[in-house]
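>>> with the input below, show me the fold.
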Amino acid sequence: MKKVLMVTSFMLCLLYTTVYANSSWHWVSQARPYDVLPVVIIVTLLVEIVGTIRFAGTNKIKSILVILIGNLVSFLTPYLFALNGWYGFENTLNHTPFYNIGIGYFIITLVVEFPIVYFGLRNKCITKKRLMSVIVLTNIITTVFTCLLERTLCHGAW
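The predicted model follows:
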């Protein structure tokens, strides 16, 4: 748990977003964060599925199904908030410095996805403690990968 707190603190310090009121944001790069989502989804699912099967000893079919459900709910949660936002979904994606993945998303992952995957696979693993560690570690790996990918490919300006 100490490692999770350290990584979370590290990400919070490095991945903050500065907000400027009454400013006009636009993406300079052709790629926007939601454009890289297909790659992110594939890599995330592969890392988490392989990790739980290989290192937590979970059942293959059940792991695939539970991780698909957990990630679907986890990926959609921020967008559900954006849909109900003040400016609307499309405006939020196109005219704000809106990266999909950051510290907020990692927290959502721990709150939303972790329980789904843990409770779905806890009876089909080597040990529950190992399963918890694998879930947290694979989510840290995929969150950092996604942050780096988005911030490397997607650039915007005020």
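
>>> in this structure, what helix or strand scores lowest on average pLDDT?
Lowest mean confidence among the helices and strands of the chain (mean pLDDT, DSSP states H and E): helix 89-94, at a mean of 56.

>>> in the very next helix or strand once past that helix, which residues are buried?
Per DSSP states H and E, helix 89-94 leads on to helix 103-108 as the next helix or strand towards the C-terminus. Neighbour-count burial for helix 103-108 flags 103, 105-106, 108 (criterion: 16 or more other C-beta atoms under 10 Å). All C-beta spots, glycine's among them, are computed from the backbone N, C-alpha and C.

>>> stretch 40-50 too?
By neighbour count with 16+ other C-beta under 10 Å, stretch 40-50 contains the buried residues 40, 44-45, 47-49.

>>> any chance of the residues you listed in CSV, plus secondary structure and pLDDT?
Converted to CSV, these look like this (DSSP: H, G, I helix; E, B strand; the rest coil; pLDDT from 0 to 100):
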residue, secondary structure, pLDDT
Val40, helix, 89
Thr44, helix, 94
Leu45, helix, 96
Val47, helix, 97
Glu48, helix, 97
Ile49, helix, 97
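
>>> of those residues, which is the nearest to Met1?
Closest approach to Met1 among those (C-beta to C-beta): Glu48, at 19.5 Å.

>>> what's near enough to touch the closest one?
The contact partners of Glu48, taken as C-beta atoms under 8 Å, 6 or more residues apart in numbering, are 67, 71, 117, 135, 138-139, 142.

>>> residue ranges with poor pLDDT in this structure?
10-26, 81-101, 158 (pLDDT under 70).

>>> which parts of it are helices?
2-14, 37-56, 60-83, 89-94, 103-108, 114-121, 128-153 (DSSP state H).

>>> nearest to Val28, of these?
Between those, helix 128-153 lies closest to Val28; by C-beta to C-beta that is 11.5 Å.

>>> ok, Asn59 - contacts?
Per C-beta under 8 Å, 6+ apart, neighbours of Asn59: 53, 121, 124.

>>> okay, now Thr129: neighbour count?
Heads up, residue 129 is Lys, not Thr. Using other C-beta atoms under 10 Å, Lys129 is surrounded by 10 other residues.
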